[in-house]
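A.B. asks: Below is the sequence, then the predicted model.
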Amino acid sequence: MKDEFIKLLKEINREGMDKLLDFLEKSDFYTAPASTRFHGCKENGLLEHSMKVYEILKYKVENCVIPIEVSEETIRIVALLHDICKANYYKIDYRNAKNSLGVWEKVPYYTVDDTIPYGHGEKSVMMLTEYIKLTNEEKYAIRWHMGYTEPKELYSTIGLAYKKYPLALLAHEADLEATYFYDI
């Protein structure tokens, strides 16, 4: 899956992509979980989640009830990199738990180690723009991919963003579907 992910990004003709790929290789992006307790809470979960979001978003754009003119490069950037903020974000810690025999033992679990506390969608946009130039549509789609899980004070802003850039709404839906339909 990692090879396919890298291939999809290498086919994007964007200045700085080589540096972005180098960052990803040096980070834990390919082995990190997608979350600590929920979807994709396993090694490689973030990679699996990102690939599933890509598959779903591509389908949604191609089959949308309204025509959406968006490039394959944009679909790839938004879907594959929407959660880049989770690179170097999780760490493994240990806690005591009883095993099936009722004996206490140390078991690993994922915990958050947020060294760049800048939010979620906005952090992904910030990190990406350190390497590649994003279109406005890509910025909005990545920034608002969490949708209405954002604080309620932002709901009208989210709605405006989805009207202006329907890809942002589709990215949110693809993220939800990957999470809840496929548990990754």
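C.D. replies: It's in. Computed from a prediction, not measured in an experiment: that's the story for all the values here.
A.B. asks: I'd like to know how many residues surround the residue nearest to residue 98 when sequence neighbours are not counted.
C.D. replies: In space, and not counting its chain neighbours, residue 98 is closest to residue 104: 5.7 Å by Cβ to Cβ, 6 or more residues apart in numbering. To be clear about C-beta, it is placed using only N, CA and C from the backbone, and glycine gets the same treatment. For residue 104, the count of nearby residues is 9 (other Cβ atoms under 10 Å).
A.B. asks: measure the residue nearest the centre of the chain to residue 67 for me?
C.D. replies: Residue closest to the average C-alpha location in the chain (Cα atoms, centre = their mean): residue 83, at 2.4 Å. Using Cβ to Cβ, to the nearest Å, residue 83 is found at 27 Å from residue 67.
A.B. asks: sorry, back to before: surely the residue nearest to residue 98 is in contact with residue 96?
C.D. replies: Yes: in this structure, residue 104 is within contact of residue 96 by Cβ atoms under 8 Å, at 5.2 Å.
A.B. asks: what helix or strand is residue 109 on?
C.D. replies: Element membership of residue 109, judged by DSSP states H and E, is strand 104-112.
A.B. asks: What residues sit buried inside that strand?
C.D. replies: Neighbour counts using 16 or more other Cβ atoms under 10 Å place residue 110 of strand 104-112 among the buried residues.
A.B. asks: what are the ranges of the helices in the chain?
C.D. replies: Listed in chain order, the helices found in the chain under DSSP state H are 2-10, 17-26, 45-62, 72-81, 121-129, 136-143, 155-164, 166-180.
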